[in-house]
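# Below is the structure, and that's it, no one-letter string:
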């Protein structure tokens, strides 16, 4: 019986289905090419034609003073305003470090993939690259991972910070844990945002790594409040089969708990399948545009170590500078 279980685990746990510690640690050198402090052009993905201006490193509260024209309205000190009867704004002193927080979604829908790897593997590799890039530039890395349960990781600097993130990524990307968890639910996404609002330090750079199936009307409120004092970047993990229906046929499907049949022999069914996804993507894009959050996409056919440098690498930075001079 033990041998049978071992063989089953070996079939389930392979580079396409589970992110190993060795693989995630091996991304350290590639991550040094990333420059997370840069501006990200949202037009490079789906979030519109604006530029997300990163605040840079973290800020410590210094004092409050009377609001002056031109002050950032997001820095309003509402408590002092209420006491004094006049608008006041907070002033901050720049820190040497800026925390980076990773919100990594390992809900059941992430344990799916039709090409190359599960979405959970791509999410773990993306998070590991961002963790290594953060500590290589002297910033602190923290995170919040969720799948039925939530794991909060306080920001730390150096290799110890990145390795703690990786240790938890290996644990949460294990499909035996993800698919067997009876408490996993898409609504975990809003609960994770709520927890993040309570723990994230103002001035942080926050990466939301998810397939965003948990987005609903309540998400708008959480994103608005998170975005008031932090820089947010959304990284959507997709599989090509989500964007286009499979060839005509009958397919057995499961979410790990329930089983069903997807019948795509009907042209009408295939059109409805693809229409649902387009409408969902449109709503997600509108949500991120409303909050000026860049929305970047990584597919299971992509290599995150090649994809991320196109947004955060030095070549992209030079391209943006040249475009700015031309304008």
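Yep, that arrived. Predicted model only: the values in this text are computed from it and were never measured.
# Run a quick neighbour tally on residue 206.
22 (other CB atoms under 10 Å). In this view, the C-beta of every residue, glycine as well, is placed from N, C-alpha and C.
# That one: which element?
Using DSSP states H and E, residue 206 falls within strand 205-210.
# what do you get for residue 262?
For residue 262, the enclosing helix or strand under DSSP H and E is strand 259-263.
# related to what we said a few turns ago, the strand holding residue 206 pairs with which strands?
Take DSSP bridges as the rule and strand 205-210 pairs in its sheet with strand 100-105 (parallel), strand 231-238 (parallel).
# Just give me how far the first one sits from the chain centre.
A distance of 6 Å separates the C-alpha centroid of strand 100-105 from that of its chain, computed with CA atoms, centre = their mean, to the nearest Å.
# just to revisit the earlier point, which other residues reach the strand holding residue 206?
Residues outside strand 205-210 that contact it (CB atoms under 8 Å, 6 or more residues apart in numbering): 36-37, 54, 98-105, 107, 110, 123, 126-127, 130, 189, 196, 200, 226, 230-237.
# how about 7 Å then?
36, 54, 98, 100-105, 123, 126-127, 130, 189, 200, 226, 230-237 (CB atoms under 7 Å, 6 or more residues apart in numbering).
# For burial, what's the neighbour tally of the closest residue in space to residue 247 that isn't next to it in sequence?
Leaving out its chain neighbours, the residue that sits closest to residue 247 by CB to CB, 6 or more residues apart in numbering is residue 264, at 7.1 Å. Neighbour count of residue 264, defined by other CB under 10 Å: 15.
# does residue 264 really touch residue 271, like I thought?
No. Residue 264 is beyond contact range of residue 271, at 10.3 Å (criterion: CB atoms under 7 Å).
# Overlap of the contact sets of the two?
Common neighbours of residue 264 and residue 271 are not found (criterion: CB under 7 Å, 6+ apart).
# what is the residue nearest to the spatial centre of the chain paired to in the beta sheet?
Central residue of the chain (CA atoms, centre = their mean): residue 209, 1.8 Å from the mean position. When bridges are called by DSSP bridges, residue 209 pairs up with residue 104, residue 235.
# Distance-wise, check it relative to residue 74.
From residue 209 across to residue 74, the span is 24 Å (CB to CB, to the nearest Å).
# And residue 116, its phi and psi?
Per-residue torsions, residue 116: phi 70, psi -60 (degrees, to the nearest 10).
# is it true that residue 89 lies in a strand?
Yes. Assessed by DSSP: H, G, I helix; E, B strand; the rest coil, residue 89 belongs to a strand.
# my read: it touches residue 73, true?
No. Taking contacts as CB under 7 Å, residue 89 lies outside contact range of residue 73: 8.1 Å.
# out of those two, which sits in the busier spot?
Using other CB under 10 Å as the criterion, residue 89 and residue 73 rank with residue 89 on top: 18 against 9.
# show me the contacts for the more buried one.
64, 65, 67, 71, 75, 76, 77.
# The second one: what secondary structure?
Spelled out, that is residue 65. Residue 65, by the three-state scheme (three-state DSSP), is strand.
# quick one: it from residue 80, how far?
Distance of residue 65 to residue 80, computed by CB to CB: 9 Å.
# can you check the fourth one too?
With the distance defined as CB to CB, residue 71 ends up 13 Å from residue 80.
# Equivalent analysis for residue 304, please.
44 Å.
# More neighbours: which of those two?
Legend: neighbour count by other CB under 10 Å for residue 304 and residue 80, higher for residue 304 (24 against 17).
# returning to that earlier point: check which element follows the strand holding residue 206 along the chain.
helix 217-227.
# Give the rounded mean pLDDT of that next one.
When pLDDT is averaged over helix 217-227, the result is 94.
# List the contacts of that helix.
189, 190, 193, 194, 196, 197, 206, 232, 287, 291, 293.
# The third one belongs to a helix, doesn't it?
Yes. The secondary structure assignment for residue 193 places it in a helix, going by three-state DSSP.
# and for residue 65 and residue 80, which residues touch both?
Joint contacts of residue 65 and residue 80 (CB under 7 Å, 6+ apart) are residue 88.
# buried sites along stretch 222-229?
222, 223, 226, 227, 229 (16 or more other CB atoms under 10 Å).
# most packed of the strands paired with strand 205-210?
strand 100-105 (a mean of 27; mean count of other CB atoms under 10 Å).
# Contacts for that strand next, please.
Strand 100-105 is contacted from outside by 36, 123, 127, 130-131, 134, 139, 141-146, 155, 165, 169, 189, 192, 196, 200, 204-211, using CB under 7 Å, 6+ apart.
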